[in-house]
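Novice: mind looking at a prediction? Sequence and model below.
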Amino acid sequence: MRLEFGVPTDKSAAEVRLGIEKGFFRDEGIDLSVRIVFGGPPLAAAYDRGELVFGEIGSPPAITAIAAGARFRIIGSGTRRKAHMYLGVRPGIRSFAELKGQRIGLLSIGSCPDWFLRRILAVEGLDPARDVTFVPLLENYPRVIALIKEGVIDACLATEPAISEGEAKGLINVWRAVYDARYVPDFQWVVLVANTDFIARDPALIQAALRALRRANHYALAHVDEFADLVARHNRIELAIARRSIVRELSHLHPDTELDRAGLEKAIDLQFALGGIPARAGIEAFTDLRFQQDRAFA
C-alpha cells in the first residue's frame with residue numbers, strides 16, 4: 001500500500017526516513033514516502049483537502065486549522081514533544097535591544113516559528129509587529145543558514161540540524177530555545193495527524209504505519225551513529241555536525257508517539273492567548289485518541 005507522510009520542512013521526520021531505509025514500513029506492507037509542503041498553514045490545507053492523509057505538523061498550525069473546520073485530527077505525537085526550535089542570531093548583535101530593526105527568518109507566517117517567535121519577543125520586551133521584520137522563507141527554508149551568511153536575514157528561528165550547522169560555521173550564536181520555561185514550557189509541539197476521511201476508511205493502515213514509526217523512532221535513538229549518518233547524507237552536512245544536532249536533543253525525545261495531553265492543553269491555551277483560535281476548547285475537539293491505545297512497536 002502506497003502512503004505519503006507529510007512534513008512541513010526538509011529537516012523534518014529524519015526518523016521516518018531512517019525507518020524507510022531499514023524497511024520497517026515495508027514490513028507492515030506500506031510503501032511509504034516523505035512529501036514536503038513547506039509551512040504549517042499550507043501543510044494543514046493539504047491535510048484538510050485529503051491531498052495528504054497522514055503525517056506530522058506543528059501543533060500551533062494544526063490547532064488553528066482544526067478550530068477553523070479543517071478535516072483532520074491529531075492522532076499522536078512526534079518524537080519532539082517539546083518545542084525544539086532555537087533562536088540563532090548573527091555575531092555582532094549582542095542583545096534583544098540590538099535586535100530591533102533586524103530581519104528574522106522563519107518558515108512561514110502562521111507556522112510554528114511565527115507563533116513561537118512572537119512569544120519570545122514579547123517576553124523579552126519587544127513588539128513583534130513593530131520592532132523586527134519577519135521574513136517567511138518557505139521553499140528557501142533549506143538555505144536558512146546560507147541566507148544569514150549572505151546578509152539576507154540577521155537571525156532565524158529554526159530547527160536542527162540547521163542550528164548546529166550555523167554554530168559550527170560561526171554564522172550564528174544560539175540565544176534561546178523555545179522550550180525554555182519562560183516561553184512555552186511542557187508544550188506538545190510536533191503532532192501526528194490524519195485526514196478524517198482516511199481515519200474512517202482505513203484505521204488499520206494508520207495503526208500499521210504508527211507501529212512502523214514507533215519502531216523507527218526507537219531504532220534511531222538506539223543507533224545514534226547510524227542515525228547521524230542519515231541526517232548528514234540527507235542534509236548534505238558533515239557527520240560531526242549531524243551528530244552534534246542529534247545529541248543536543250537526544251535526552252528530550254519521545255519515541256512512542258504518545259501525546260502529552262497536558263502539553264496539548266497548554267498548546268491550545270497559547271493559541272487562544274495569541275489569537276490563533278477564537279474560543280478555548282478541550283483536546284477532544286482536536287484529536288482522535290483511539291490510536292493512543294495501541295502501544296506495541298516491536
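Specialist: That came through, no problem.

Novice: CA atoms for contacts and neighbours, from now on please.
Specialist: Fine.

Novice: list the helices and strands the strand or helix carrying residue 42 packs on?
Specialist: Here residue 42, judged by DSSP states H and E, is contained in helix 40-49. Identification of packing neighbours for helix 40-49 by 3 or more Cα pairs under 8 Å, 6 or more residues apart in numbering; DSSP states H and E yields strand 54-58, helix 59-67, strand 190-195.

Novice: so which of these comes closest to residue 80?
Specialist: For residue 80, the closest of the helices and strands packed on helix 40-49 is strand 190-195, at 5.8 Å, according to Cα to Cα.

Novice: in its sheet, which strands sit next to that closest one, and in what direction?
Specialist: strand 54-58 (antiparallel), strand 72-77 (antiparallel) (DSSP bridges).

Novice: burial measure for the nearest residue in space to residue 276 that is not next to it in sequence, as a count.
Specialist: Leaving aside its chain neighbours, residue 276 sits nearest to residue 64 (5.6 Å; criterion: Cα to Cα, 6 or more residues apart in numbering). Neighbour count for residue 64, taken as other Cα atoms under 10 Å: 24.

Novice: related to what we said a few turns ago, and the helices and strands packed on helix 40-49 as JSON lines, adding mean pLDDT?
Specialist: Converted to JSON lines, the helices and strands packed on helix 40-49 look like this (pLDDT from 0 to 100):
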{"stretch": "strand 54-58", "mean pLDDT": "97"}
{"stretch": "helix 59-67", "mean pLDDT": "96"}
{"stretch": "strand 190-195", "mean pLDDT": "98"}
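
Novice: JSON lines for these, including distance to residue 35?
Specialist: Listed next are the helices and strands packed on helix 40-49 as JSON lines, based on distance: least, Cα to Cα, whole Å:
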{"stretch": "strand 54-58", "distance to residue 35": "9"}
{"stretch": "helix 59-67", "distance to residue 35": "17"}
{"stretch": "strand 190-195", "distance to residue 35": "14"}
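
Novice: give the contact list for residue 44.
Specialist: 57, 61-62, 65, 70 (Cα atoms under 8 Å, 6 or more residues apart in numbering).

Novice: most widely separated two among those?
Specialist: 57 and 70 (13.5 Å).

Novice: just so I have it, where are all the strands in the stretch 151-298 of the chain?
Specialist: 155-158, 173-177, 190-195 (DSSP state E, counting those that start in this stretch).

Novice: so the longest one versus helix 59-67, what angle?
Specialist: Spelled out, that is strand 190-195. On the basis of axes from the mean of the first three to the mean of the last three Cα atoms, to 10 degrees, strand 190-195 is oriented at 30 degrees to helix 59-67.

Novice: tell me how far strand 190-195 lies from the chain's centre.
Specialist: 11 Å (Cα atoms, centre = their mean, to the nearest Å).

Novice: what angle do that strand and helix 40-49 make?
Specialist: 30 degrees.

Novice: show me which residues of stretch 183-196 are buried.
Specialist: 183-184, 186-196 (16 or more other Cα atoms under 10 Å).

Novice: same deal with stretch 205-224?
Specialist: Those would be 205-221, for stretch 205-224 by 16+ other Cα under 10 Å.

Novice: quick one, helices of this protein?
Specialist: 14-22, 40-49, 59-67, 112-123, 144-149, 162-168, 196-201, 203-222, 224-235, 239-249, 261-273 (DSSP state H).

Novice: where does this protein have low pLDDT?
Specialist: In the predicted model of the chain, residues 293-298 satisfy pLDDT under 70.

Novice: where does the record place the domain boundaries for it?
Specialist: 2-81+186-293, 86-177 (automatic domain parsing).

Novice: for the residue nearest to residue 238 when sequence neighbours are not counted, grab the count of nearby residues.
Specialist: Excluding its sequence neighbours, the residue lying closest to residue 238 (Cα to Cα, 6+ apart) is residue 232, at 5.9 Å. Using other Cα under 10 Å, residue 232 has 18 neighbouring residues.

Novice: for residue 225, see how far away residue 232 is.
Specialist: 10 Å (Cα to Cα, to the nearest Å).

Novice: one more: residue 208?
Specialist: With Cα to Cα as the criterion, residue 208 and residue 225 are 27 Å apart.

Novice: work out the gap between stretch 212-230 and the centre of the chain.
Specialist: 17 Å.

Novice: and that stretch, C-alpha only, in PDB?
Specialist: The C-alpha trace of stretch 212-230 is given here as PDB (Å, rounded to 0.1, in the frame of the first residue of the first chain):
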ATOM      1  CA  ALA A 212       6.400   1.100  12.000                       C
ATOM      2  CA  LEU A 213       7.000   4.700  13.000                       C
ATOM      3  CA  ARG A 214       7.500   3.700  16.700                       C
ATOM      4  CA  ARG A 215       9.900   1.000  15.600                       C
ATOM      5  CA  ALA A 216      11.800   3.600  13.500                       C
ATOM      6  CA  ASN A 217      11.900   6.100  16.400                       C
ATOM      7  CA  HIS A 218      13.300   3.500  18.800                       C
ATOM      8  CA  TYR A 219      15.900   2.300  16.300                       C
ATOM      9  CA  ALA A 220      17.100   5.900  15.600                       C
ATOM     10  CA  LEU A 221      17.500   6.700  19.300                       C
ATOM     11  CA  ALA A 222      19.300   3.400  20.000                       C
ATOM     12  CA  HIS A 223      21.700   3.700  17.000                       C
ATOM     13  CA  VAL A 224      22.900   7.300  17.100                       C
ATOM     14  CA  ASP A 225      25.800   6.800  14.700                       C
ATOM     15  CA  GLU A 226      23.600   5.300  12.000                       C
ATOM     16  CA  PHE A 227      21.000   8.000  12.600                       C
ATOM     17  CA  ALA A 228      23.600  10.700  12.300                       C
ATOM     18  CA  ASP A 229      24.800   9.200   9.000                       C
ATOM     19  CA  LEU A 230      21.300   9.500   7.600                       C
END
